[in-house]
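> fold the following and give me the result.
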Amino acid sequence: MTNFIYVVVGIILLFVLLQVSLRMRSWFRKGKSAPQVDGKLGQQIKRGTPVIAYFYSPSCSACRVQEKNLQQVQEKFKNIMRINAGKEHQTARQFGVMGTPTTVVIENGIIKNYFVGVTPASKLLNTLNV
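Numbers count the residues shown, from 1 in each chain. This next block holds a predicted model:
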């Protein structure tokens, strides 16, 4: 019975450590230059205009919730680039996306904020000062 408890605690600790690692990686990306990517997103970054890069996958249930939040954001901020991480895996890899939904706020070619998971619309709008 004690071995079972050790295994369960070990699994829980593993998940906690993975979450902490993911959050720390996103925190360290803030303030760094956005990677040079192709397509519309790359053009927006080169221009220096504020843009939200939203990475999603069609099978992601949390992405459906995030999509509703982005619809609220889009009422005040129109420049949202939706990127299917499965189809555009090279772009997702360049941004360090390890899970969906991931939302990256880019301004003047710099990553202003990097959110992993469902992010409230108010938090995104505060980041954009809208």
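> could you point out which element follows the lowest-mean-pLDDT helix or strand in the chain?
Sorting the helices and strands of the chain by mean pLDDT, DSSP states H and E puts helix 2-29 at the bottom, at a mean of 88. Sequence order places helix 39-47 as the next helix or strand after helix 2-29, per DSSP states H and E.
> export that next one to CSV, keeping only CA atoms.
C-alpha atoms of helix 39-47 as CSV (Å, rounded to 0.1, in the frame of the first residue of the first chain):
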residue,chain,number,x,y,z
GLY,A,39,3.5,34.9,-43.5
LYS,A,40,1.1,37.6,-42.2
LEU,A,41,2.3,37.2,-38.6
GLY,A,42,5.9,37.9,-39.8
GLN,A,43,4.8,41.0,-41.7
GLN,A,44,2.9,42.3,-38.6
ILE,A,45,6.0,41.8,-36.4
LYS,A,46,8.3,43.5,-38.9
ARG,A,47,6.0,46.5,-39.0
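> buried sites along that helix?
41-42, 44-45 (16 or more other C-beta atoms under 10 Å). In this view, the C-beta of every residue, glycine as well, is placed from N, C-alpha and C.
> do stretch 119-130 as well
Quick answer for stretch 119-130 (16+ other C-beta under 10 Å): 119, 121, 124, 127-128.
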